[in-house]
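>>> Sequence first, then the predicted structure, then my questions.
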Amino acid sequence: MSKEGKNLRVYLNSIIIVLVVQIFLMIDGIAIFAKLNDVKSFILAPEYGNFNAYVVVPVRATEIERYAADELAKYVKKITGTGIAVVKEKQNLEYFGFYIGQTEKGKQFKPPETSPYEGGNGFRFKSVPNGIVIAGGDDLSTLYGVYDFLEEYQGCSWFMPNELGEIIPQNKGVLIPENVDVTQIPDIPIRWMNSGDWALKNKMNVEVRINGHNVGVINRWNFHTYATLVPDGKYFEDHPEYFSLTETKRVRGRGERGQICTSNPEVVRLVTQHLIDEFKKDPSITFISLTANDWYGFCQCKNCKSQMNPDWINDREGVASNQIHIFNNEVARRVKKFYPEKYIKGGAYYGYLRYPSIPSYKPENNIAIAFTPHIHYCHNHPITDKTCPYIADFMKEYYKWSANTKHLQIFAYECLHGWAQLPWPMVHILKKDMPEYKRTGVEQFFTQAIDGTFEAYALNYYVASKLAWNSSLNVDDLVKEFCKRMYGSAGPAMERYFQFVEDSWEKNPNHVAYVTAPIPLSLTQFFPPDVLRKMENILKEAEAVDTDALSKKRINLIRVDFDYLRLVMNYIDAISKPFKGINQDDPVAMKKASEEAESIGKVLVSTIWKFLEDNYPSAVGYPQVSGVAVSSWARTGVESLLRTHNNPKIIPKDQH
């Protein structure tokens, strides 16, 4: 049979399969292919157990291009049950081709390189005669184009970093859009949420690996590096003048929670040389962190004090802003002489969040400022809300940094996961914050993730990852798509569940400030009994839907989260009751109420810990010593919350 005859037969078979698949989808009620109704398409299906198609890579394919091709082949096999060969490009290749990366076909279609960061240049997805080109502005972006093809056209999803988070439809063939030409360039070129395989498939380009080694944007350290750059164990005995003078003595960094003397010329020289040495040892580094230790203890020597703004001495956001940023700027200026293409990451954080008040100050063009609002701001209002008192002050500083900094980053801290693993609706914030970050030129969005608790916040991470790539997406559509794919036939009920929780927070006039608002009080404000009742009623509706087994397991994850929330709210309510109706200025009455609250709390806390250990073993499965939980990043918030009964000052007393 001629080549033309074979292609015609494949096309006719494809038309038949399209009709069969569409009928199947209509019967089942599930839209497997997200783009089915958007563009003219056909189904590329295996014939007699083989695909008359190839995944095509350049003759001299890079490691990432080959990985991208192998990923496409792997998921085509998962979808259809039939393998597809990966071949090197050659002239007059018969049959349909997926042209990956900088093939001869793909070179002319790659998007422009608009970013110096690997994974920040986007990709182009284009129909060509008898094939599809997926070509990135860099190799990592080519891989993102492959994942986008699998997600948008085949219905694949990676919602959580575990087996329940991967959704791969089972179909007879692969949907191929015709006459398509799409270019995607990420709104935020550096995206860092979680790490590993989930992050890679969701287009993150920090803390991601291919074949066991780092790719994308390489950070040397993350934050809080002064103690690493000038270790007290090495220098303190011979050079105490390198370290903070606080009141009457010099103090060590890690040992005594001090900093370094940022006005000391020798410290400037030492830190500069240390950074240069790091770049020399590892040329792959993109950013290297130059940030103060994670505490106060800033130097009070004569020279450092002379740089301070006297109005900021007692200002928690600005006390050390001048001296820290003057020092970082000088180091960056010196490093630039040796490595002008590398970046120094400074921070605008606790104690040095404010833009310096020195008129001549402007960040060097090789310094990136990681602005960290989320330890200060209100978690219930977007950054554009000018009426929120927790938002207003730090946003004045944000706009100063954004106007003057060439490389602005957002270190979103804990903005996507909540207190003590409790439900934490952030979608109503993200839909307004992310476009504003795009508008103001943010280059990196980074938020921390806690291992073992990701499932509880999967929707937050999904929406944030999508908006970091394209901040103009319709968030309601994202939530709908998430629920449809995660929960099957129960998707509409779960969509109502998430939407209700988001709405209840968005309409709530209260503020949720990480540092200043007592958590137990905020919980009673944001999860009152009527909200809990409504949440449970909707959740029961979802649980009653006859859906598939995997969807039921995913719904059960939300059930566990809700049951934990209810236990916590019962605990707070119970330890609050002894204070109801008493005179809070009466020390005898307060002492008696406090003792009763402590007695009640001990019993209830034991029940909650047992629930957590049974249901969140990877997050809280650490030993306890004498009944007190051993600290770890994953359970620090839980420990703090479940000590409320020992702290009468933060027990809600007027909520009944």
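Thanks, I have it. Numbers count the residues shown, from 1 in each chain.
>>> and the residue nearest the centre of the chain, how far is that from Leu467?
By CA atoms, centre = their mean, the chain has its centre lying nearest to Met193, at 2.8 Å. As judged by CB to CB, to the nearest Å, Met193 and Leu467 stand 11 Å apart. C-beta: built from backbone N, CA, C; applies to glycine.
>>> And the residue nearest to the centre of the chain, its phi and psi?
Here is the backbone geometry of Met193 (degrees, to the nearest 10): phi -140, psi 120.
>>> How confident was the prediction at it?
Each residue has a pLDDT score; the one for Met193 is 90.
>>> Ok, Val251 next?
Looking at Val251, its pLDDT stands at 92.
>>> was I right about it contacting Phe236?
No: assessed by CB atoms under 8 Å, Val251 is found out of contact with Phe236, at 9.1 Å.
>>> Please enumerate the shared neighbours of these two.
Phe243 (CB atoms under 8 Å, 6 or more residues apart in numbering).
>>> What's the local residue count around Asp238?
8 (other CB atoms under 10 Å).
>>> On the three-state scheme, it is what?
coil (DSSP: H, G, I helix; E, B strand; the rest coil).
>>> Tell me the predicted confidence for it.
The model's pLDDT for Asp238 equals 95.
>>> mind checking how far it is from Val475?
57 Å.
>>> Okay, now the unreliable bits of the stretch 301-450 of the chain?
374-376, 414-415, 450 (pLDDT under 70).
>>> Show me the helices in it, by range?
Secondary structure of the stretch 301-450 of the chain (DSSP state H, counting those that start in this stretch): helices at 302-307, 321-336, 389-404, 427-439.
>>> Report the separation between Gly165 and Lys74.
Counting by CB to CB, the gap from Gly165 to Lys74 is 17 Å.
>>> what about the two, which has more around it?
Gly165 (19 against 14).
>>> Identify the residue spatially nearest to the more buried one, adjacent ones excluded.
Nearest residue to Gly165, sequence neighbours excluded (CB to CB, 6 or more residues apart in numbering): Phe159, at 4.5 Å.
>>> Please list all residues in contact with the one you found.
Here Phe159 is in contact with 165-167, 458, 462, 482, 485-486 (CB under 8 Å, 6+ apart).
>>> Most neighbours of all the residues you listed, which one?
Met486 (26 neighbours).
>>> Enumerate every residue touching the nearest residue to that residue once chain neighbours are set aside.
Leaving aside its sequence neighbours, Met486 sits nearest to Arg554 (CB to CB, 6+ apart; 5.2 Å). Listed by CB under 8 Å, 6+ apart, the contact set of Arg554 reads 164, 486-487.
>>> mind redoing it with 10 Å?
Neighbouring residues of Arg554 by CB atoms under 10 Å, 6 or more residues apart in numbering: 159-160, 164-165, 167, 455, 458, 485-488, 490, 494, 547-548.
>>> Inside strands: which ones of those?
Among those, the residues falling in strands (DSSP state E) are Ile167.
>>> between the contacts of Arg554, which is closest to Val512?
Ala458 (20.5 Å; CB to CB).
>>> Quickly note the distance from the closest residue to Gly173 other than its chain neighbours to Tyr75.
Closest residue to Gly173 apart from its sequence neighbours, by CB to CB, 6+ apart: Ala45 at 3.2 Å. To Tyr75, Ala45 is 16 Å away according to CB to CB.
>>> And Pro283, by the same measure?
Pro283 is 33 Å from Tyr75, by CB to CB.
>>> What of Pro46?
14 Å.
>>> What of Pro373?
38 Å.
>>> now do Glu241
59 Å.
>>> What of Asp197?
13 Å.
>>> Nearest residue to Lys400 in space, please, no chain neighbours.
Tyr355 is the one closest to Lys400 (CB to CB, 6+ apart), at 3.8 Å.
>>> what's the burial count for the one you found?
25.
>>> from memory it sits against Leu408, does it?
No: counting by CB atoms under 10 Å, Tyr355 does not reach Leu408; the two are 11.6 Å apart.
>>> which neighbours do those two share?
In contact with both Tyr355 and Leu408: 348, 363, 369, 371, 398, 401-402, using CB under 10 Å, 6+ apart.
>>> among those residues, who's most crowded?
Neighbour-wise, those (other CB under 10 Å) top out at Ala348, 28 neighbours.
>>> what does the domain assignment say about this protein?
Following automatic domain parsing, one finds the domains of the chain at 3-184, 215-469, 502-650.
>>> Please convert the ones you listed to CSV, extending it with distance to Lys203.
Below are the domains of the chain laid out as CSV (distance: least, CB to CB, whole Å):
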stretch, distance to Lys203
domain 3-184, 5
domain 215-469, 5
domain 502-650, 22
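>>> Compare those and say which comes out lowest on pLDDT.
domain 3-184 (a mean of 82).
>>> chain center to that domain, what's the gap?
Mean C-alpha position of domain 3-184 versus that of the full chain (CA atoms, centre = their mean, to the nearest Å) differs by 27 Å.
>>> Leaving out chain neighbours, which residue sits closest to Pro186?
With CB to CB, 6+ apart, the residue lying closest to Pro186 is Trp469, at 4.8 Å.
>>> Report the separation between the one you found and Asn194.
From Trp469 to Asn194 the distance is 15 Å (CB to CB).
>>> still on that earlier bit, what about the helices of the stretch 301-450 of the chain, which gets the closest to Glu207?
helix 427-439 (19.6 Å).
>>> From Ile168, how far out is the residue nearest to Met486?
15 Å.
>>> How about Asp563?
For Asp563 relative to Ile168 (CB to CB), the value is 30 Å.
>>> burial measure for Asp614, as a count.
11.
>>> how far does the helix or strand encompassing it sit from the chain's center?
Taking DSSP states H and E as the criterion, Asp614 maps to helix 587-615. Relative to its chain's centre, helix 587-615 lies at 34 Å (CA atoms, centre = their mean).
>>> picking that back up, tell me who's in contact with the residue nearest to the centre of the chain.
199, 202-204, 206-207, 412, 416, 445-449, 460-462, 464-465, 468.
>>> before we move on, what about Glu89?
Glu89 neighbours (CB under 10 Å, 6+ apart): 54, 56-61, 97, 99-106.
>>> and Lys484, how far is that from Asp548?
13 Å.
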